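Q: only geometry, no sequence info:
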Ligand code: ADP
Ligand code: ZN
Ligand code: ZN
């Protein structure tokens with residue numbers, strides 16, 4: 001009696017055996033429905049074997065087979081890699097590759113009238129050289145396409161894709177944000193109207209996602225464009241992988257299976273022996289290191305593609321005066337006035353949503369705190385509330401201080417809502433829109449704002465990092481940055497890397513067409529290297545310096561790290577678990593693996609849970625991998641049940 005070995009979406013690390021009823025059309029990769037205890041689950045058949053270690057009487061039969069193509073061998077292999085590398089169950093890893101099982105409905109995009117008309121562009125010299133290098137690669141090569149903002153990376157992707165499409169191959173394009181997909185889809189379709197494009201991201205309805213998945217798996221879609229989950233889609237004719245904005249933090253999944261889609265894409269390209277392009281104006285230090293060691297081939301685009309566009313002039317101005325007023329200092333105010341007079345657009349960037357990041361009592365210094373987290377509550381005005389941005393807790397804004405009764409409660413600091421109000425007061429005639437997670441909660445809200453910007457129905461945009469990425473607004477000539485200094489106080493060692501990337505990206509929105517752009521950064525630390533990189537348009541020097549620092553301090557990406565996070569209602573339970581984990585780690589760690597002492601997480605309490613963490617690291621990835629495999633075994637055997645834990649391999653944040 002043949003046995004199907006099935007990966008089920010549960011945390012248990014091993015697959016489950018089921019016997020195969022005769023005549024059921026099951027092959028490795030088939031999606032099948034089975035029973036596990038009282039539950040009915042859909043799983044992936046990993047292999048079909050002759051015998052099981054489990055008694056025949058205790059085995060259950062495979063229920064039925066889900067209609068549709070099985071997962072191909074290379075996708076199963078990818079899931080196995082994820083399970084091993086990230087120390088996750090094979091079932092949860094396989095679940096990443098399972099498409100929605102609803103009936104397929106209209107694909108998200110396909111042939112049809114292009115949304116915008118774009119002429120085929122003559123590539124400039126750098127673009128042509130980059131595209132030629134990529135097109136010439138017929139096997140695995142990792143390229144870093146290091147192109148300043150507005151240098152025309154998209155045109156390079158398209159030109160490189162052409163060579164693959166001409167051979168009948170498929171191209172996978174990963175983008176970091178759902179919000180960026182429609183714009184890129186429109187550009188791709190306009191440039192290549194005869195090509196079938198399938199779009200995959202979590203914002204799509206299940207039916208549309210299934211349709212896109214089927215088009216990719218069946219080979220009818222030549223370009224597959226999507227967010228991180230698209231890295232798992234079957235692509236029988238894969239010829240090229242592109243990861244746009246490869247530095248972007250949203251490629252890392254922060255819960256469940258904590259994979260990094262860029263790293264997974266590299267692994268997949270390697271296994272499929274096809275070239276991969278990582279594009280960015282501000283490469284991650286991981287990628288920067290790999291390029292400097294020659295593991296990746298660097299291709300540079302050093303000029304803006306539009307011959308009339310220049311890099312924006314960057315001015316660093318004092319923040320102190322502005323904070324005493326409404327947040328907008330005199331330089332920024334004057335510059336905004338000039339843009340309004342010229343009918344040009346401006347963007348004011350502040351990385352805080354809400355009205356003010358805290359609420360304090362002027363008399364006794366009481367501060368509104370989240371009852372469930374070790375964090376302050378943010379003051380919101382529209383609608384009014386105190387909100388926790390970590391756990392979602394919300395409460396009414398008090399009329400008086402709960403400790404001393406004083407009615408003088410002061411919102412401290414600046415969020416998007418406060419700046420929106422300040423701008424409206426300063427420029428009553430201006431058409432202003434706010435873009436943050438609150439204002440874009442409803443489907444289509446972000447696209448509506450973008451359409452308004454394009455139609456010149458808006459003068460000033462105020463918003464968070466949602467506005468920083470990828471957008472190409474030709475009439476935008478001024479970018480103001482507020483409150484960026486906050487990142488310099490962060491305890492996370494990656495904060496300055498992220499700050500520099502964010503600043504370069506947000507500044508890159510200015511002056512992309514003919515009119516010259518200007519960036520005004522309000523800061524009290526104008527000499528900080530992150531700001532120097534921005535002012536001098538020199539990310540490379542900054543990245544080199546940061547990398548040297550990481551080498552001295554033995555921090556990633558120079559070493560490889562894993563972070564064990566634990567949480568429980570009682571601090572003592574967290575401590576007990578981490579003490580056990582630490583003891584086990586110390587015993588297992590050879591010379592090559594370094595084990596740090598447990599510490600409280602940066603956010604020591606979240607949503608009522610006490611949190612702690614422990615970092616292990618090694619200069620040798622295989623040594624760390626061997627260690628982790630043994631260590632997770634020891635952790636799973638921990639008899640205590642009160643602490644939840646999760647391992648994050650290659651964490652992007654140590655908080
Ligand atoms: P990036 O992604 O590198 O920031 P984009 O791909 O968005 O840059 O291109 C920036 C702008 O330059 C776009 O408006 C694009 O249409 C334009 N562009 C790209 N390549 C060329 C070219 N060869 N000649 C003229 N304009 C170009
Ligand atoms: Zn008080
Ligand atoms: Zn909270």
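A: All right, it came through fine. Computed from a predicted model, the values in this text were never measured in an experiment. Ligands and ions are numbered 1, 2, ... in the order given.
Q: Where does pLDDT dip in the protein?
A: Within the chain, the set of residues satisfying pLDDT under 70 comprises 106-120, 470, 655.
Q: where does the residue nearest to the spatial centre of the chain land in three-state SS?
A: Averaging the C-alpha coordinates of the chain gives a centre point, and the residue nearest to it by C-alpha atoms, centre = their mean is residue 250 (0.5 Å). Using DSSP: H, G, I helix; E, B strand; the rest coil as the criterion, the local structure at residue 250 reads helix.
Q: Enumerate every residue touching the closest residue in space to it that isn't next to it in sequence.
A: For residue 250, ignoring the flanking residues on the chain, the nearest one in space by C-beta to C-beta, 6 or more residues apart in numbering is residue 176 at 4.4 Å. The C-beta positions use only the backbone N, C-alpha and C, and glycine is treated the same way. Shown in contact with residue 176 (C-beta atoms under 8 Å, 6 or more residues apart in numbering): 227, 228, 244, 245, 248, 249, 250, 251, 469.
Q: so how far is ligand 1 from the closest residue to the fourth one other than its chain neighbours?
A: What that stands for is residue 245. Once its chain neighbours are removed from consideration, residue 245 has its nearest residue in residue 176; the separation is 5.0 Å (C-beta to C-beta, 6+ apart). Counting by C-beta to the nearest ligand atom, to the nearest Å, the gap from residue 176 to ligand 1 is 12 Å.
Q: Residue 176: which element?
A: Here residue 176, judged by DSSP states H and E, is contained in no helix and no strand.
Q: Any buried residues in the longest helix seen in the chain, and which?
A: Scanning the chain for the longest helix, with DSSP state H as the assignment, gives helix 571-588. Burial within helix 571-588, assessed by neighbour count using 16 or more other C-beta atoms under 10 Å, is assigned to 573, 574, 575, 576, 577, 578, 580, 581, 582, 584, 585, 588.
Q: And the contacts of the helix or strand just after that helix?
A: Once helix 571-588 ends, the next helix or strand along the chain (criterion: DSSP H and E) is strand 593-595. Outside strand 593-595, the residues that touch it by C-beta under 8 Å, 6+ apart are 559, 582, 585, 586, 589, 614, 616, 617, 618, 623, 624, 627.
Q: next one: stretch 486-499
A: The contact list for stretch 486-499, computed with C-beta under 8 Å, 6+ apart, reads 249, 284-285, 351-352, 484, 525, 528-530, 546, 550, 553, 555, 602, 652-655.
Q: filter those to the buried ones?
A: 249, 284-285, 351-352, 484, 528, 530, 546, 550, 555, 652-654.
Q: Pick the one among these closest to ligand 3.
A: Lowest distance from ligand 3 to those (C-beta to the ion) belongs to residue 352, with 15.8 Å.
Q: what ranges do the strands span in the stretch 551-655 of the chain?
A: Per DSSP state E, counting those that start in this stretch, the stretch 551-655 of the chain has strands spanning 560-568, 593-595, 599-606, 609-618, 644-649. These are given in chain order.
Q: Quick one: closest of those strands to ligand 2.
A: strand 599-606 (23.1 Å).
Q: related to what we said a few turns ago, ok, which of the strands of the stretch 551-655 of the chain comes nearest ligand 3?
A: Going by C-beta to the ion, the one of the strands of the stretch 551-655 of the chain nearest ligand 3 is strand 599-606, 6.6 Å.
Q: how about that closest one against ligand 3, any contact?
A: No - applying C-beta under 5 Å from the ion, one finds strand 599-606 separated from ligand 3 by no less than 6.6 Å.
Q: picking that back up, wait, which of the strands of the stretch 551-655 of the chain is closest to residue 535?
A: strand 599-606 (29.6 Å; C-beta to C-beta).
Q: Partner strands of that closest one, with direction?
A: In the sheet containing strand 599-606, its partner strands are strand 609-618 (antiparallel), by DSSP bridges.
Q: anything in the partner strand sitting right up against ligand 3?
A: No - figure legend: strand 609-618 not in contact with ligand 3 (C-beta under 5 Å from the ion); closest approach 10.5 Å.
Q: mind checking how far that strand is from the chain centre?
A: Average the C-alpha atoms of strand 609-618, do the same for its chain, and the two points are 22 Å apart (C-alpha atoms, centre = their mean, to the nearest Å).
Q: With stretch 601-610 instead?
A: Taking C-alpha atoms, centre = their mean, one finds stretch 601-610 lying 22 Å from the centre of the chain it belongs to.
Q: mind listing what's buried in that stretch?
A: The neighbour-count criterion (16+ other C-beta under 10 Å) identifies 601, 604, 605, 606, 609, 610 as the buried residues of stretch 601-610.
Q: of those, closest to residue 371?
A: Among the buried residues of stretch 601-610, residue 605 lies closest to residue 371 (C-beta to C-beta), at 9.9 Å.
Q: Residue of the stretch 501-650 of the chain closest to ligand 1, please.
A: Nearest to ligand 1 in the stretch 501-650 of the chain, going by C-beta to the nearest ligand atom, is residue 512, at a distance of 5.8 Å.
Q: How are the helices of the stretch 101-250 of the chain distributed by residue range?
A: Taking DSSP state H, counting those that start in this stretch as the criterion, the stretch 101-250 of the chain carries its helices at 125-136, 153-166, 181-191, 206-218.
Q: Residue 72 reaches residue 27, doesn't it?
A: No - taking contacts as C-beta atoms under 8 Å, residue 72 lies outside contact range of residue 27: 10.5 Å.
Q: Those two: who's more crowded?
A: Summary of the neighbour comparison: residue 72 and residue 27, criterion other C-beta atoms under 10 Å, with residue 72 having more neighbours (16 against 12).
Q: For that one, give me its contacts.
A: 29, 217, 234, 236.
Q: Over to residue 231?
A: Residue 231 neighbours (C-beta under 8 Å, 6+ apart): 172, 174, 261, 264, 265, 268.
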